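Student: Any chance you could fold what I've pasted below:
(chains A, B, C, D and E)
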Amino acid sequence: MDLVTKIIVICAVSALAIFALWRTGAKDATAPQQLPYLGGGTPDTHAWQRYHVRYYSMTLLFIAFEMEMMFMYPWAVVFVEEGGKAMMEMGMFLAILSIGIVYAWREGVFRWQ
Amino acid sequence: MTLATVLIVAAALIGIGLYGALSQQSFVMLMMGLELMLNGGLLAVIGLWANTMGGAPEGQLLAIIIMAVMAVDMAIGFALVTAVYRKRQADVTESLTTMKH
Amino acid sequence: MAVSALKRWAGKAPASVFVAIGEGMRERVERLFADPRIERAATPRHAAIFLIAGPMRLEDREDLRRLHDQMPHPRATLLWAAEVGEALGDAEKLNFTLQPADTSRADEAALDRLTRIWAELSDGERPSEPDLLHDEPPNPWQGIGPHGQGGKGMMGGTPYGRPMAMTADDLRDGLALDPYTARFGPFLPMFPPGLLLEMTLQGDVIQSAKVLRPPLPQAARDDASAALLRLARLLDLLGLPVLGHRARLAAAGDRPSSTLETLGRAIRWSGSTLAIRPGLGAVEGQGDLRTRFDDLLAVTGGSSAETRPELPESAHLSSLLPGLEWSEAMLVLNSFDDETLSALAVVKEDEDKDGHDHEGSGYMHHEHHGHGGHQGDGGHDHHAGHGGGA
Amino acid sequence: MGLTDLLFFALSAVAIVSGWRVFATDSMVRASFLLLLSFVAVGLIIVMLAAPYIGVATVFMMAVEMMVMALFMVMFMMNPAGLNPMMMVHQHRFSIAAGVLAFAGLTAAILFTSFPENSVDPSTPVVHDLGIELLGPSMLIFETAGVTLLATMIGSVILSSRSGRFGMADQGSKPPGLEPDGEPAGRQPEQGGGHHHH
Amino acid sequence: MTTFLAALLLILFLSVGFAGAAVADRAIPAFLAGQTAPSWRLSLADAVRLLQTQRIRTEAPDALLWWLAPALYLALAIVGLAVIPFGQDLVAIPSEVGIVVWGSCEALTIVAVFMFGWSANAPLALIGAYRYVAIGLPAMLLSMFVLIGAALPAESLGFIEIVEAQRTVWNVVRQPAGLILFLMLGLAISLRGPFDYASPEDLAGGVTADVSGPGLLAWKIARLTMLVSVSAVTATAFLGGYLGPILPGFVWLLLKTAVVLLVLIWAGSVFARMPPARMMSVIWTMLLPLSFLMLLVVGVELLLWG
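Tutor: Take a look at the predicted model:
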């Protein structure tokens, strides 16, 4: 509750500050000023396009692997209390997920496609 | 902030998500609809947990499971989109109707 | 009151200079920026002064004008021994006669002039230079589509002055996504000055590269000093501007072996060799990037730069760069000495094998070619009509 | 109406409006980040509902998931930045009706159900309880989740990467023969594998 | 009352830390390059110069996201700093899930950097943004593992408990490699040196290549604030935070933060940047197993002697 209010206040203050700063230099740019910088050259098309993300398989692996964080935080809180049992269970969980990483590495997911 | 208002907000999110999932032609936008529905589900679960379950940990566990479902749904969904695009150069749902050659 | 105080503060900042290096001026300019009173800006967007150093080709003038206009106000131009006709308007000129003995005095004069221009510019005494090019978008677009966005349909027209890309095959991967074709250079700071490449990118992997203009010839004088400057450029690209600066200082002054040794040790400790993939940018007779880097590093150990055997006939940037990621390609480009590079970057006449233009029927979305043919495909997406820009 | 209610209604408004804007904006990157904004607002509401861990973790998880979402949106949608405004929908009226109906039905159900009143005590150590639950009674769920995630990882790698065990997916990968230079093993596809464009 | 005091301390910490970071950011590279130390006025003068420069828009940029990106980046830096305790009860945002809040800040930073690079509709900025995501995502994973390693002995996710648990022994002793991994994350999240994949030299400034004047200034301010913030988090999670004899806790935290900040700036100038593809592979196949190992070591140590 307290957390939410304060976070919103911080976000609002920084947004206002940056907005004020951002607006100070606003003068209309002419068409030649707006050209994207390519060292003098010109582009054929807009830069916004279907960008070929070279690491897309890695991102898929990542969102599946990252889920384990959700389980690990509560685990960390009770680790000392539960002792060896907690160690075993999380060890097993991480071992299962590590298989996935090893498999992905063998498939060359971490290279750029 | 009563339970009813929380659940109504969740219902609104589910309604919008359903609209998105049904109406969007492209896979990725369709998945956004699904995610929005799960978002509403998450809110409903936590609302019910906080107000009717007296803090039993199963409610939180269910919320985590919903998030895991989101992650799995996204990973598999995007992998499928990639696979289909590789074959069809298209990302709209209609292209799947001709999938059988 | 407050405004003038602010202006006085701004004048204390180092002058931010974007530089276009002409013929034979690369080493001198690089040494010039060892002075703390000026700062080399990576892009004209960060700069206040445009320094044009040395003679330029006729065909570079349009690009210089474009770069000039990309700078934010307030801005000024200094032509340092540059011959660009009326292309830059009535910009300030600083000329010197190329006497080898005078170079340090000429450099000092240039530094003085740059700092003075910055002082006047920040004070507001010197008016900011107006645009050189006409204020009109590269393509007409206002109000064609239903929302006034300049295009019909999803991919048609020229929204906001430019067409949309269409799909093309990819060298590495079976996903046919959009290529980005543009002319990079001739005055990108990480390019050899004067080199203009037409490259097609997908993501950050280069699909095709074509040399439109070769790099401007540079005078190679002192071998060890040239090697150190080349090393400095590579160090900059590897994210080590501090060591690059030290290499530049060593290239400028006399070189006690102890300074060089410390520099060499620092470079080895930085893990820069690990950051270079073995086999990258291999050219017959020239080794790969790692061996070239090690050779340059050996200069810090006191050995002189080796001379390399002749290049094979077939070696060319258009076959060397495609398939590389952008960061690797920039390292490769900067790893050759000037002579080798100009041999690699010869303009080849008409490599457009099937140069038919999609100008009329273009921008169709479902436009694919079979999977397999790659090399020539960049030519499909080249719209000659937009080459001129503004 | 106290500060809590005010915050709740503001956050709900943000969640719902940004959720709706997801399907109304042209730029795919904006759409992804609007969905993220909706998730963040819901996460903050969850924090207010005495579940700080779940709420903050929602923000944490969804930030990266929506980042990945944005990458894929730009990768596969034509006109990803919405430079030419577009509307890519089918069965539009039906979908609107379904959405409204779902909302109305659920709201009616909520209003006519009487829920038991058993609020969570703010002093409950909720994260601690969740940890005990994970390691104790729900241990199997926890480990099953691990296996599910492993399956997801392997599945997404297989589906998304180009090179399978038997060659490039888009060039009709063929398994090797049972004997050297023999016919490929397994059932033959009718014609040429994956070489069909439309 | 304590909240008010904590908020004041937060502002004080931010301003002192930011000023120090701005000076050190110029002084240390100059020192390493063998130059005389530049005057502290230079940083301020440069800021004033940028403030008076025109801000250029590009062709059809995403104007909203373009200014929201530095605002988000700055807000995340401040929120990250606000969950750090300056004393036993002195924390601006007391939260029992502090490290998860910090994790969210890390995750959203990736979003902010991507937004900034995307908005310009320019090629070099776009490449920088995409590169950063490739490294930012797995690097965040690393930092979360080592932070969980710091949370284990504390039996809590809150930063106050994490500091209190270090009264016997600092976390840097428990997991020395964890500190190094976290410093790497610090470099990545504050966009500097070997982990600055968003604005490298080979892209002529990457995400900032098409930003001028006040826009650039806003980005630089946010970046330096994040540097202060991540240094403070490192000092808290690994170096005992506000713990220390004689001096008040706030001063101790400030001193430790300064040390971490100097180390980060130093490391940012002396290590080479690997190509993004290679770095991604190194993180997943070498550094991630290392972070598992650190977690195991901490776990075993707690089981045996805890």
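
Student: Report whether stretch D:116-131 contacts chain E.
Tutor: Yes: using Cβ under 8 Å from any Cβ of the partner chain, we find that stretch D:116-131 touches chain E at D:V127. Where C-beta positions appear, they are placed from N, C-alpha and C, glycine not excepted.

Student: Pull out the buried residues from that stretch.
Tutor: D:120, D:126-131 (16 or more other Cβ atoms under 10 Å in any protein chain shown).

Student: repeat for stretch C:130-140
Tutor: By neighbour count with 16+ other Cβ under 10 Å, stretch C:130-140 contains the buried residues C:131-133, C:137-138.

Student: And the buried residues of stretch D:116-131, which two are furthest apart?
Tutor: D:V120 and D:G131 (16.5 Å; Cβ to Cβ).

Student: Break down chain B into its strands, ranges please.
Tutor: Using DSSP state E, no strands are found in chain B.

Student: Pick out the residue of it closest to chain E.
Tutor: Using Cβ to the nearest Cβ, the closest approach of chain B to chain E is made by B:Q60 at 12.5 Å.

Student: Show me which residues of the stretch 51-200 of chain E are close to chain D?
Tutor: E:60, E:62, E:64-65, E:95-97, E:100-101, E:103-104, E:107-108, E:110-111, E:114-115, E:118, E:121, E:130, E:133, E:137, E:140, E:157.

Student: ChimeraX command for the buried members of those?
Tutor: Per 16+ other Cβ under 10 Å, the buried members of these correspond to this ChimeraX selection:
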select /E:60,62,65,95,96,97,100,101,103,104,107,108,110,111,114,115,118,121,130,133,137,140,157
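
Student: So for the helix or strand harbouring E:V230, mean pLDDT?
Tutor: Element membership for E:V230 (DSSP states H and E) is helix E:214-238. Mean pLDDT, helix E:214-238: 93.

Student: what's the helix or strand for residue 59?
Tutor: Just going to use chain A. Counting by DSSP H and E, A:T59 is found in helix A:56-66.

Student: Going by neighbour count, list what's buried in the helix or strand just after that helix.
Tutor: Using DSSP H and E, the helix or strand that directly follows helix A:56-66 along the chain is helix A:68-82. By neighbour count with 16+ other Cβ under 10 Å, helix A:68-82 contains the buried residues A:68-80, A:82.

Student: mind showing which ranges of chain B have poor pLDDT?
Tutor: The model of chain B has pLDDT under 70 over residues B:89-101.

Student: Against which helices or strands is the top helix by length along it packed?
Tutor: Taking DSSP state H as the criterion, chain B has its longest helix at helix B:57-88. Packing contacts for helix B:57-88, counted by 3 or more Cβ pairs under 8 Å, 6 or more residues apart in numbering or on different chains; DSSP states H and E, involve helix A:56-66, helix A:68-82, helix B:27-52, helix D:52-76, helix D:126-135, helix D:139-160.

Student: For C:I267, find the nearest of these.
Tutor: Between C:I267 and those, the tightest spacing by Cβ to Cβ is seen for helix A:56-66, at 30.7 Å.

Student: List the buried residues in the closest one.
Tutor: In helix A:56-66, counting by 16+ other Cβ under 10 Å, buried: A:56-66.

Student: can you give me the helices in chain E?
Tutor: E:2-32, E:41-51, E:63-82, E:98-119, E:123-154, E:159-164, E:171-174, E:176-189, E:214-238, E:249-270, E:276-282, E:288-305.

Student: got those helices as TSV, with distance to chain B columns?
Tutor: Formatted as TSV, the helices of chain E follow (distance: least, Cβ to the nearest Cβ, whole Å):
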stretch	distance to chain B
helix E:2-32	23
helix E:41-51	38
helix E:63-82	18
helix E:98-119	13
helix E:123-154	13
helix E:159-164	20
helix E:171-174	27
helix E:176-189	22
helix E:214-238	24
helix E:249-270	32
helix E:276-282	18
helix E:288-305	18
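
Student: what sits against residue 27?
Tutor: Just so you know, I chose chain A. C:73, E:54-55 (Cβ atoms under 8 Å, 6 or more residues apart in numbering or on different chains).

Student: wait, I meant chain E there
Tutor: E:37-38.

Student: I'd like the distance between it and E:S15.
Tutor: Distance, E:A27 to E:S15, by Cβ to Cβ, to the nearest Å: 18 Å.

Student: go on, A:K27?
Tutor: 30 Å.

Student: same thing with D:M153?
Tutor: Applying Cβ to Cβ to D:M153 and E:S15 gives a distance of 46 Å.

Student: between the two, who's got more neighbours?
Tutor: D:M153 (27 against 11; other Cβ atoms under 10 Å in any protein chain shown).

Student: For stretch B:59-70, give me every contacting residue.
Tutor: By Cβ under 8 Å, 6+ apart, stretch B:59-70 touches A:67, A:70-71, B:35, B:38, B:41-42, B:45-46, B:48-50, B:53, D:46, D:51, D:53-54, D:57-58, D:61, D:65, D:126, D:129-130, D:133-134, D:138, D:141, D:145, D:148-149.

Student: so where is the chain shaky, pLDDT-wise?
Tutor: Looking at chain A here, since you left the chain open. Within chain A, the segments meeting pLDDT under 70 span A:1, A:26.

Student: look at chain E instead
Tutor: In the predicted model, chain E carries pLDDT under 70 at residues E:1, E:306.

Student: Please name the nearest non-neighbouring residue to the residue in it that chain B sits nearest to.
Tutor: Taking Cβ to the nearest Cβ, chain B has its nearest neighbour within chain E at E:V97, 12.5 Å off. In space, and not counting its chain neighbours, E:V97 is closest to E:L157: 4.7 Å by Cβ to Cβ, 6 or more residues apart in numbering or on different chains.

Student: Contact partners for that neighbour?
Tutor: Here E:L157 is in contact with A:73, A:76-77, D:53, D:127, E:96-100, E:151 (Cβ under 8 Å, 6+ apart).

Student: can you do 7 Å?
Tutor: Each residue near E:L157 by Cβ atoms under 7 Å, 6 or more residues apart in numbering or on different chains is listed here: A:73, A:76-77, D:127, E:96-100, E:151.

Student: Likewise for A:T5?
Tutor: Here A:T5 is in contact with D:L7 (Cβ under 7 Å, 6+ apart).
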